[in-house]
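Visitor: Quick one, fold the following:
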Amino acid sequence: MSGAPDDLNDGLSRKERERSQHRRDILAAGEKIFAQKGYFNATIEEIAREAEFSVGTIYNFFSNKETLYQEIIRSIVETSYDDFRREIVPEPDPVQAIRLLVRLRIRQFEQHQGLFHVIVENMPTGRFNPALIMPPECLQYHERYFEELCAICARGRARGIFSDEEPLTLALALEGLLNTFAAYWFKQRSGSVTTPQITILDRMAFRALGCEGHHP
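Guide: Predicted structure coming up:
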């Protein structure tokens, strides 16, 4: 027996699914070219070649280079937040949640480091603030992320695992630490984060939360 009709598989017609895939292909090609060339040197023509589409096809999806660039960032922000909601928020153990968060942030760094390097190359080390690079419509994701990070810190504090500082203070300390490491790695284009670096980041993260003894 044949499968369900295309337009019943996921609520989208075949044409809509193809268009959605083309859009993802363009975003992936755009991220690669922007990472290689930088924003100002990248061209729609190069992105079209990378995506194996015509220039006209790119313009069918995005009105100009700036619109495409902003949509790439929006897509990364949205996907990163969805990963956080799926992998970190449901974890009931606040210590394990922090360990998972450190590894999630490292994975996101490794996946998008080329583009992030372009974004932060002119920012002073230690002053990387994700909120400053987001399109305005994406700020909601950063705000929700921070609220949920505060909730994790509050659980750890309530159980006597984390410091008795306010959850907001703990979340700020942790986020500042992660952003500082990210800014340094972005500037260095350091490739994959090594196991010793992960161990150090774990130790520093738990130290920031007042529970250094819980790191592996």
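Visitor: looking at this structure, which helix or strand is least sure?
Guide: Using mean pLDDT, DSSP states H and E, the weakest-scoring helix or strand in the chain turns out to be helix 6-9, at a mean of 45.
Visitor: Show me the residue sitting in the middle of this structure in space.
Guide: Residue closest to the average C-alpha location in the chain (C-alpha atoms, centre = their mean): S80, at 4.0 Å.
Visitor: my read: it touches Q108, true?
Guide: Yes - with contacts counted by C-beta atoms under 8 Å, S80 reaches Q108, the gap being 5.4 Å. The way it works is simple: take the backbone N, C-alpha and C, and place the C-beta from them, glycine included.
Visitor: what's near enough to touch the residue nearest to the centre of the chain?
Guide: 108, 141 (C-beta atoms under 8 Å, 6 or more residues apart in numbering).
Visitor: go with 10 Å
Guide: By C-beta atoms under 10 Å, 6 or more residues apart in numbering, S80 lies in contact with 104-105, 107-108, 111-112, 130, 141-142, 145.
Visitor: what's the following helix or strand after the least confident helix or strand of the chain?
Guide: helix 14-37 (DSSP states H and E).
Visitor: What helix or strand is A182 located in?
Guide: In this structure, A182 sits in helix 167-188 according to DSSP H and E.
Visitor: Need the three-state assignment for I161.
Guide: coil (DSSP: H, G, I helix; E, B strand; the rest coil).
Visitor: Now it: closest residue in space, sequence neighbours ignored.
Guide: C211 (5.3 Å; C-beta to C-beta, 6 or more residues apart in numbering).
Visitor: Quick one: distance of the longest helix anywhere in the chain to the chain centre.
Guide: Counting by DSSP state H, the longest helix found in the chain is helix 94-120. Distance of helix 94-120 from the chain centroid (C-alpha atoms, centre = their mean, to the nearest Å) equals 7 Å.
Visitor: now it against helix 14-37, angle please.
Guide: Here helix 94-120 points in a direction 70 degrees away from that of helix 14-37 (axes from the mean of the first three to the mean of the last three C-alpha atoms, to 10 degrees).
Visitor: orientation of helix 94-120 relative to helix 167-188 in degrees?
Guide: Relative orientation of helix 94-120 versus helix 167-188 (the same axes, to 10 degrees): 40 degrees.
Visitor: Helix 94-120 packs against which elements?
Guide: Helix 94-120 sits against helix 14-37, helix 65-87, helix 130-133, helix 139-158, helix 167-188, helix 195-208, with contacts defined as 3 or more C-beta pairs under 10 Å, 6 or more residues apart in numbering; DSSP states H and E.
Visitor: Can you check which of these gets nearest to E52?
Guide: helix 14-37 (7.8 Å; C-beta to C-beta).
Visitor: Give me the mean pLDDT for the closest one.
Guide: Helix 14-37 carries an average pLDDT of 93.
Visitor: In that helix, which of the residues would be classed as buried?
Guide: Residues of helix 14-37 classed as buried: 22, 25-27, 29-35 (neighbour count, 16 or more other C-beta atoms under 10 Å).
Visitor: Kindly report the same for stretch 150-158.
Guide: 150, 152-157.
Visitor: do stretch 84-97 as well
Guide: If you call a residue buried by 16+ other C-beta under 10 Å, then stretch 84-97 has these buried ones: 84, 88, 91, 94-95, 97.
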